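**Q** dropping a prediction and its sequence here:
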Amino acid sequence: MRPIRVLVVDDSATMRGLITATLTGQDDIEVVGAVGDAFAARQSIKALNPDVVTLDVEMPEMNGLEFLEKIMRLRPMPVVMVSTLTQAGAEVTLKALEIGAVDCVAKPKGGEGFPTLADAVRGAAHCRVRPLPPRPQPPVGGAALPAYRSNGRIVGIGSSTGGVEALFSVLSAYPKDCPPTIITQHMPAGFTRSFADRLNRTCPCEVVEAFDGAPIRAGHVYIAPGGETHLTVAGAHNPVCRLEASDPVNRHRPSVDVMFDSIARTMGGASVGVILTGMGRDGAEALLRMRQAGARTIGQDESSCVVYGMPKSAFEIGAVERQAPLERIGKLILDLCAHELREAH
């Protein structure tokens, strides 16, 4: 197989060199060009036809967001955003992921390297990039489901590449008194608080970055902090969030497998597991254990995934009870969480 052809776009010559050196060291990746501004990038895309573009958020003359919008409108292709680990950098990167970028990596601090960059590029090369439909607008105050009341089931959702837009879609279907939901989305440290804030501004329910000891309650959604810990559930009768500082699992921290395993042990049949778009197989094995413990399980179908990796792995081992397109998953969750609990089987 031919290597993945990458165009590097960054206004810093030092950063272009670091990104190029990191990717050139991979047997399956070839850097075909490295340029410092959007105008040079536009010409390079036409001339070189890369498979993936890495794009700096902050560039002179035309910033990364403006350029990304032009790419997605005129020539949709996989783009990985490279961002600083600052509040402003996180906000802009999240906007980029909403526009159509498929992944993001944080610029290293000091002499650190880019440990996740090559995997992000590999994931991007396998992405299904297409113009995104307008995001559905949530009803004011969650008024679309006046009779809805959570039955106590806890919902766990795992996602990775393409997950930002997928989660916006799922949570936009939630009413104000939604089922208690915990989410692990693979995302760099420092970005998840901004992500939770953006979801909170958009969705009728309350969305927060999870903290250790947070009570898991109806009407609330908890996003796993990126980077240093895994998000788990403890306490079956009065469940709370736990943040565990243990080693990465499936090369991820937080890991969907760790979260799903804790739900299987703690909640058993009083839970729903959902696996969305993402590269790899994080979450697949533990979703099966959730199903075996009596939980109901949902997987995103291939046609609506940006990357049909995690849901495919889960489906192939029998972990997914029901596959569905993204636009139906929010309602499916609510249906399962509004019905009477059945005994685990």
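**A** Yes, it's here.

**Q** find the nearest non-adjacent residue to residue 291, please.
**A** Distances taken as Cβ to Cβ, 6 or more residues apart in numbering place residue 297 nearest to residue 291, at 4.8 Å, with adjacent residues excluded. In this view, the C-beta of every residue, glycine as well, is placed from N, C-alpha and C.

**Q** and that neighbour, that one's in a strand?
**A** Yes. Assessed by DSSP: H, G, I helix; E, B strand; the rest coil, residue 297 belongs to a strand.

**Q** pretty sure it contacts residue 272?
**A** Yes. Between residue 297 and residue 272 a contact is recorded at 7.2 Å, counting by Cβ atoms under 8 Å.

**Q** after the helix or strand bottoming out on mean pLDDT in the chain, which helix or strand is next?
**A** When the helices and strands of the chain are scored by mean pLDDT, DSSP states H and E, helix 87-99 comes last with a mean of 85. Next helix or strand after helix 87-99 toward the C-terminus (DSSP states H and E): strand 103-106.

**Q** so how far is the helix or strand that that following strand is followed by off the chain centroid?
**A** Once strand 103-106 ends, the next helix or strand along the chain (criterion: DSSP H and E) is helix 117-125. Computed by Cα atoms, centre = their mean, to the nearest Å, the chain-centroid distance of helix 117-125 equals 14 Å.

**Q** average model confidence for the helix or strand following helix 117-125?
**A** From helix 117-125 onward toward the C-terminus, using DSSP H and E, the following helix or strand is strand 154-159. Strand 154-159 shows a mean pLDDT of 98 in the predicted model.

**Q** give the other helices and strands that strand 154-159 contacts.
**A** helix 163-172, strand 181-185, helix 256-267, strand 271-275 (3 or more Cβ pairs under 8 Å, 6 or more residues apart in numbering; DSSP states H and E).

**Q** quick check: angle from the second one to strand 271-275?
**A** Spelled out, it's strand 181-185. Angle, strand 181-185 to strand 271-275, by axes from the mean of the first three to the mean of the last three Cα atoms, to 10 degrees: 20 degrees.

**Q** for the first one, same thing?
**A** Between the axes of helix 163-172 and strand 271-275, defined by the same axes, to 10 degrees, the angle is 140 degrees.

**Q** next: the third one.
**A** With the same axes, to 10 degrees as the criterion, the two stretches helix 256-267 and strand 271-275 enclose an angle of 170 degrees.

**Q** tilt between helix 256-267 and strand 154-159?
**A** Going by the same axes, to 10 degrees, helix 256-267 makes 170 degrees with strand 154-159.

**Q** which other helices and strands contact helix 256-267?
**A** Using 3+ Cβ pairs under 8 Å, 6+ apart, helix 256-267 is in contact with strand 154-159, strand 181-185, strand 230-234, strand 271-275, helix 284-292.

**Q** for residue 121, list the residues it contacts.
**A** Applying Cβ atoms under 8 Å, 6 or more residues apart in numbering to residue 121 gives the contacts 4, 6, 23, 29, 52, 54, 80.

**Q** tell me the confidence at residue 129?
**A** Reading off the model, residue 129 has pLDDT 88.

**Q** wait, it touches residue 102, no?
**A** Yes. Counting by Cβ under 8 Å, residue 129 does reach residue 102; the two are 6.8 Å apart.

**Q** what residues are shared contacts of these two?
**A** In contact with both residue 129 and residue 102: 78, 306, using Cβ under 8 Å, 6+ apart.

**Q** for the two, indicate the residue with more neighbours.
**A** Counting neighbours by other Cβ atoms under 10 Å for residue 129 and for residue 102 shows that residue 102 has the greater number, 28 against 18.

**Q** per-residue pLDDT, that one?
**A** For residue 102, pLDDT reads 93.

**Q** swap in residue 61?
**A** pLDDT recorded at residue 61 is 67.

**Q** got it, and residue 13?
**A** pLDDT, residue 13: 94.

**Q** and if you look at residue 187?
**A** The model reports residue 187 with a pLDDT of 91.

**Q** next one: the one 10 residues further on
**A** What the model reports as pLDDT for residue 197 is 95.

**Q** the helix or strand containing it packs against which elements?
**A** Element membership of residue 197, judged by DSSP H and E, is helix 192-202. Helices and strands touching helix 192-202, by 3+ Cβ pairs under 8 Å, 6+ apart, are helix 87-99, helix 163-172, strand 206-209, strand 220-223.

**Q** at 10 Å what do you get?
**A** Here helix 192-202 touches helix 87-99, helix 163-172, strand 181-185, strand 206-209, strand 220-223, going by 3 or more Cβ pairs under 10 Å, 6 or more residues apart in numbering; DSSP states H and E.

**Q** buried deepest among these, which one?
**A** strand 181-185 (a mean of 27; mean count of other Cβ atoms under 10 Å).

**Q** taking helix 192-202 as reference, get the angle to that one.
**A** With the same axes, to 10 degrees applied, the angle from strand 181-185 to helix 192-202 works out at 130 degrees.

**Q** so residue 55 lies in a strand, does it not?
**A** Yes. Assignment of residue 55 by three-state DSSP places it within a strand.
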